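Chemist: model the structure of this input:
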Amino acid sequence: MRFWLRNEEMALEEMVQRLNAVSRHTDEIMHQDIVPLCAADIQEQLKRRFAYLSGGRGQDGSPVITFPDYPAFSEIPDKEFQSVMTYLTSIPSLQDAGIGFILVIDRRQDKWTSVKASVLRIAASFPANLQLVLVLRPTGFFQRTLSEIAFKFNRDDFKMKVPVIMLSSVPELHGYIDKSQLTEDLGGTLDYCHSRWLCHRTAIESFALMVKQTAQMLQSFGTELAETELPNDVQSTSSVLSTHTEKKDKAKEDLQLAQKEGQRLLESLREPLAESTAHSVNQDQLDSQATVQRLLAQLNETEAAFHEFWAKHQQKLEQCLQLRHFEQGFREVKATLDTASQKIATFTDIGNSLAHVEHLLRSLASFEEKSSVAVERARALAQQGQQLIENKHYAVDSIHPKCEELQHLCHQFATEIGSRRALLSKSQELHRLLETSMKWCDEGIYLLASQPVDKCQSQDGAEAALQEIEKFLETGEENKIQELSKIYKEYETILNPDLLDHVQKVFQKQESMQEMFHRRQASLKKLAAKQTRPVQPVAPRPEALTKSPCPSPGAAPSALSEMSENRQGRDSSTGDEEEGLAILRRHVMNELLDTERAYVEELLSVLEGYAAEMENPLMTHLISTGLHNKKDVLFGNMEEIYHFHNRVFLRELERCTDCPELVGRCFLERMEDFQIYEKYCQNKPRSESLWRQCSTCPFFQECQKKLDHKLSLDSYLLKPVQRITKYQLLLKEMLKYSRNCEGAEDLQEALSSILGILKAVNDSMHLIAITGYDGNLSDLGKLLMQGSFSVWTDHKKGHTKVKELARFKPMQRHLFLHEKAVLFCKKREENGEGYEKAPSYSYKQSLNMTAVGITENVKGDAKKFEIWYNAREEVYIVQAPTPEIKAAWVNEIRKVLTSQLQACREASQHRTLEQSHSLPLPAPSTNSGKHEDRPLGSLPATLAGLQALCTSLFLLDDAVSSSTSESSALSRKRFTLQGFANLKGQRASPTSPDRKAKRHAVKSDPTPFGLRGWSKTSHSLEVPEDEGGWSSAEEPINSSDAEEDGGVGPKKLVPGKYTVVLDDEKGGPDTLAMRSGDVVEVVEEGAEGLWYVRDLSSGQEGWVPAGSLSALLGTSSSAQCLSSSGK
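Modeler: This next block holds a predicted model:
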């Protein structure tokens, strides 16, 4: 640096010296150093032409100054005269001026007195050497005679250093000066134009001044450049370089203008010769050309001096800019590599599984790849620095240490990466060894669990099982951990407490498994070596068999020994089986954990490698316009799913590693969180459609290449759907091996919940495909079921032909059962692939569940049932694909209707209770067993109003969906809200004091409310037997199937008297203890095959199994109907 500054100072000093020389030489050329006088300064005096330098020369080369006839010569001020003389004598070269000047004074038209005065004045004020003075005397006779006489008498007055010669005529002048050196007015041939001479002199002197000023300007500019302080940043240095270059270009333009001016002046001086080759050039003209050429040479010298200086200065600025770029790159690379080293220092995790280690290795490789840009830049920067040093940069002492530091940083980074990779490779090797050992143990345990115990009891079976075990043990040399101390020593660098504990657990598992194998081997060897004992026929003694249960004394030891061996064998087999099941549970748990970790890693790779890259500015140019702002559409809520599994669910699963059978609790506790999959699956069609539109986008190909994925993104977008369906398979496997374990109930509940979520997800996928529905589907309540059916219609209203056509031609409809309505839609298949091929559903109609009834069985088809609306004004005959699907739908609809009925009943009871407080209490009855029946019209107004409000509410077919239902029409009775609410309302408290009274309150005819299926008269349950019980009469269209279907099914509630055929001990507070032969009266039907009855003999009431009762034939009309229906 100091050396360069010294060179800079030397370059500036050299340029200043050369430019000073140019200025000095310019003055010398123009004689400014002797007579600092220019033509421009005395231009007016020179224009008078009282004296001029024509350029003529004497015989010895003396310059000739001519004083032409000028009448006002005596009037010229002395100062002006002296200036002109001084200027004219400064024009010739010093060599010519040294010879002396010849003065030609033309006074032919003047008087002698004037001649005398002029000569004396010239002689007195001439500033240079004189060689000769030639005076042309006046031409008039008198003046000529007078001048001759006066000159002779006044010769002493003209005594000068040089002779003064009086000439009478021009020819005499030619004797002293050649005609070619004299102007035309003196009879010569010399071409002289005073105005042209004056113009040339002014131009030459102006050019000389320009040369001098240019040299001075460049000198000042060079000094300014040299004294400029170098900036410390790239931008400022670039700005200085640009500014100086602009100034240099401007100075160079001025220099070029001066050169052009000199060339133009030189051409002007040479112009007369160019016009005519015969034209002679005088010495003054030659001297002028030489002067201009010398000035041009000085100008070239100025240009050369400045160019050399600028080259060095520009080199300095460019090297400074290179240095600033190098320093800036050094700072950036150093910061990047320092950050990378700090990040490497945070990579302390060595992995807790093989998959985790492989993920860490991939992350390390990805990090190394991303950091390789900085490393390569550092190496390139170091090479650039070396190149600067080789090019003799002025800042070598600053560049060299930085190059060494860059090389050190690259080496350090490579070393840290290599060290980290070596540790992870060691961890990978150890985890692979541990997983190999665990897999070997699991395979061995599975082998033990899969060996059938019964077949091992024979000698051949034992030998075959023993061979399997021995063959498996032979594979242990290459699969199991040989020496624990060797593992400790070899992997000491990576064995942290967690990994050490894992190694010990695996080794303990291996030892336990080997111990199990050894025990099994010992048992099998005994069974294989056991000889079959010969059977000796011995006649048993009857008295011994009857009197004593013990064997004979001689046989006792062997029998007891064999029994003990068999018991031990069974105990050992049972223990092995339990241990085998535990191993299988661990095997399933390991699969659950491994697949869960892999799933989390795959989600992370997609989110980091695809989703995050969509916001990377460096990747924007690869993203097609169709993908802009579509990240949420393409990936859905995958990030939410990832965070749930990574932060919560995976950690909870890992806590169940030692107790796999308790994993069901993890699922149950997080069941609400699994609802996020419903949102993902609902978005999947949109994601699939977007992927099909943009799958060829270069962005996806570049991301897949970086991630080194073999499959494209759409395969990974399907992972969440595959994962949620995988759980139920793993839970089924775990449940299969955990039937008698502590967490079996949780596993069963978790399995049911997961299946419920899958069903909800599947239903929601169908639900979002409904089109044409004007309302809000969420207002219909929860979606309970959905499926495709064949539907016939049978409506009361409408054209006859249309009704007939609708009865025989089925419609294909997709039904959606909600809590508040059932929707009928038409399924439409869409063209396309994948999710684009998913069907859509065109909405046709809906039925409000508050006005719906069902008939479970339809004549002639066990897969059909009826859904009818508004008291059968609209009837829909629905055919399910299978009887099972029909049963499921009927049960679900029954639950909905029952829940609505229960809600109405509770509301009616609540209102009745409220009004009962405002009514007078009835008089107490003296007979607790008999109460007067009350018609429906006598009910409180609120209850009657509630019943009127529900006149069109559902009619529930209480028949069983099985095809083996009771053939009696009683099995298809229907319940309306009016009658069923009263009947059900009586069941609220079977043990309450007024229970019996309320039981007989249903006597009114419900038909005024527009409800069908009831007889015109509804009787009390305690009417005489000859009047019959509940009527089962129905319209033929609704009861034909029940009349034809035969078989015996579950018993239905038929009011009347029954005989107990089976003893039933009291099993609960509400159950009734009975003995065979007791006569009871049925009060109501309960759930799960229980009937509520009253013992006619004791008056007690309670619940009894329906199967323990038999109807009294011939005692009631209802019983007769039951009997006849069974025929």
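
Chemist: CA only for contacts and neighbour counts going forward, please
Modeler: Fine.

Chemist: contacting residues for G56?
Modeler: P63, V64, S180, Q181, L182, L190, N282, Q283, D284 (CA atoms under 8 Å, 6 or more residues apart in numbering).

Chemist: dihedrals phi and psi, it?
Modeler: Backbone geometry at G56, expressed as degrees, to the nearest 10, gives phi -70, psi 160.

Chemist: confidence score at it?
Modeler: Per-residue pLDDT puts G56 at 87.

Chemist: residues touching the top strand by length along the chain, excluding its own?
Modeler: Across the chain, the longest stretch assigned as strand under DSSP state E is strand 783-793. If you take CA under 8 Å, 6+ apart as the criterion, strand 783-793 is touched by 763, 803, 806-819, 874-881, 889, 892.

Chemist: what's the answer for stretch 465-481, then?
Modeler: By CA under 8 Å, 6+ apart, the residues outside stretch 465-481 that reach it are 433-434, 436-437, 440, 444, 451, 456, 507, 510, 517, 521, 524-525.

Chemist: could you do stretch 727-746 as well?
Modeler: Outside stretch 727-746, the residues touching it (CA under 8 Å, 6+ apart) are 581-582, 584-585, 588-589, 592, 660-665, 668, 747-748, 750-751, 754-755.

Chemist: send me the longest strand of the chain as PDB with only the CA atoms.
Modeler: Taking C-alpha atoms only, strand 783-793 is exported to PDB below (Å, rounded to 0.1, in the frame of the first residue of the first chain):
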ATOM      1  CA  LEU A 783     -75.700 -36.500   8.500                       C
ATOM      2  CA  LEU A 784     -76.600 -39.900   9.800                       C
ATOM      3  CA  MET A 785     -76.500 -42.200   6.700                       C
ATOM      4  CA  GLN A 786     -76.300 -42.000   3.000                       C
ATOM      5  CA  GLY A 787     -76.700 -44.500   0.200                       C
ATOM      6  CA  SER A 788     -78.100 -45.400  -3.200                       C
ATOM      7  CA  PHE A 789     -81.600 -47.100  -3.400                       C
ATOM      8  CA  SER A 790     -84.300 -48.000  -5.900                       C
ATOM      9  CA  VAL A 791     -87.400 -45.900  -5.100                       C
ATOM     10  CA  TRP A 792     -91.100 -46.400  -6.100                       C
ATOM     11  CA  THR A 793     -93.700 -43.800  -5.400                       C
END
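
Chemist: buried residues in that strand, which are they?
Modeler: Burial within strand 783-793, assessed by neighbour count using 16 or more other CA atoms under 10 Å, is assigned to L783, L784, M785, Q786, S788, F789, S790, V791, W792, T793.

Chemist: partner strands of it, parallel or antiparallel?
Modeler: Partner strands for strand 783-793, per DSSP bridges, with pairing direction: strand 811-818 (antiparallel), strand 874-879 (antiparallel).

Chemist: quick one: average pLDDT of the first one?
Modeler: Strand 811-818 shows a mean pLDDT of 92.

Chemist: now the helix or strand just after it, how far from the chain's geometric center?
Modeler: Following strand 811-818 in sequence order, the next helix or strand is strand 821-828 (DSSP states H and E). Remark: strand 821-828 is offset 40 Å from the chain centroid, using CA atoms, centre = their mean, to the nearest Å.

Chemist: just the angle between strand 821-828 and strand 811-818, please?
Modeler: When axes from the mean of the first three to the mean of the last three CA atoms, to 10 degrees is applied, the directions of strand 821-828 and strand 811-818 differ by 140 degrees.

Chemist: skipping adjacent residues, who's closest to I204 in space?
Modeler: Once flanking residues are discounted, I204 sits nearest to V292: 6.6 Å by CA to CA, 6 or more residues apart in numbering.

Chemist: hmm, that neighbour is touching S268, no?
Modeler: No. Assessed by CA atoms under 8 Å, V292 is found out of contact with S268, at 10.8 Å.

Chemist: neighbour count winner among those two?
Modeler: More neighbours sit around V292 than around the other of V292 and S268, counting by other CA atoms under 10 Å; the figures are 23 against 14.

Chemist: what's the pLDDT at that one?
Modeler: 84.

Chemist: likewise the one 4 residues further on?
Modeler: Confidence at L296, expressed as pLDDT, is 86.

Chemist: what's the domain layout of the protein?
Modeler: When the chain is parsed into structural domains using the TED database, the resulting residue ranges are 1-34+191-273+280-337, 59-177, 346-425, 431-528, 579-763, 772-909, 1072-1105.

Chemist: reformat the ones you listed as JSON lines; add distance to Y52.
Modeler: As requested, the domains of the chain are exported to JSON lines (distance: least, CA to CA, whole Å):
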{"stretch": "domain 1-34+191-273+280-337", "distance to Y52": "8"}
{"stretch": "domain 59-177", "distance to Y52": "6"}
{"stretch": "domain 346-425", "distance to Y52": "60"}
{"stretch": "domain 431-528", "distance to Y52": "109"}
{"stretch": "domain 579-763", "distance to Y52": "83"}
{"stretch": "domain 772-909", "distance to Y52": "110"}
{"stretch": "domain 1072-1105", "distance to Y52": "151"}
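
Chemist: contacts only, for L817.
Modeler: L783, L784, M785, Q786, L823.

Chemist: kindly recompute the last result at 10 Å.
Modeler: 780-787, 823-824, 846-847, 849, 889, 892-893, 896 (CA atoms under 10 Å, 6 or more residues apart in numbering).

Chemist: just the closest of the contacts of stretch 465-481 to A862, please.
Modeler: Relative to A862, the closest of those is Q451; by CA to CA it sits at 45.8 Å.

Chemist: grab the nearest non-local neighbour of that closest one.
Modeler: Taking CA to CA, 6+ apart as the measure, Q451 lies nearest to A465, with 7.0 Å between them; neighbours along the chain are not counted.

Chemist: quick one: the one you found is in a helix?
Modeler: Yes. Judged by DSSP: H, G, I helix; E, B strand; the rest coil, A465 forms part of a helix.

Chemist: and the residue positioned nearest the centre of the chain, which of the three is it?
Modeler: In the chain, the C-alpha closest to the average C-alpha coordinate belongs to A612, at a distance of 1.9 Å (CA atoms, centre = their mean). The three-state label given to A612 by three-state DSSP is helix.

Chemist: can you tell me, leaving aside adjacent residues, what's nearest to L53?
Modeler: Excluding the flanking residues, the one nearest L53 by CA to CA, 6+ apart is I65, at 4.9 Å.

Chemist: my guess is that neighbour meets L88, correct?
Modeler: Yes. A contact is recorded between I65 and L88 when judged using CA atoms under 10 Å, the distance being 8.0 Å.

Chemist: between the two, which is the more surrounded one?
Modeler: For I65 versus L88, neighbours defined as other CA under 10 Å are more numerous around I65 (22 against 18).
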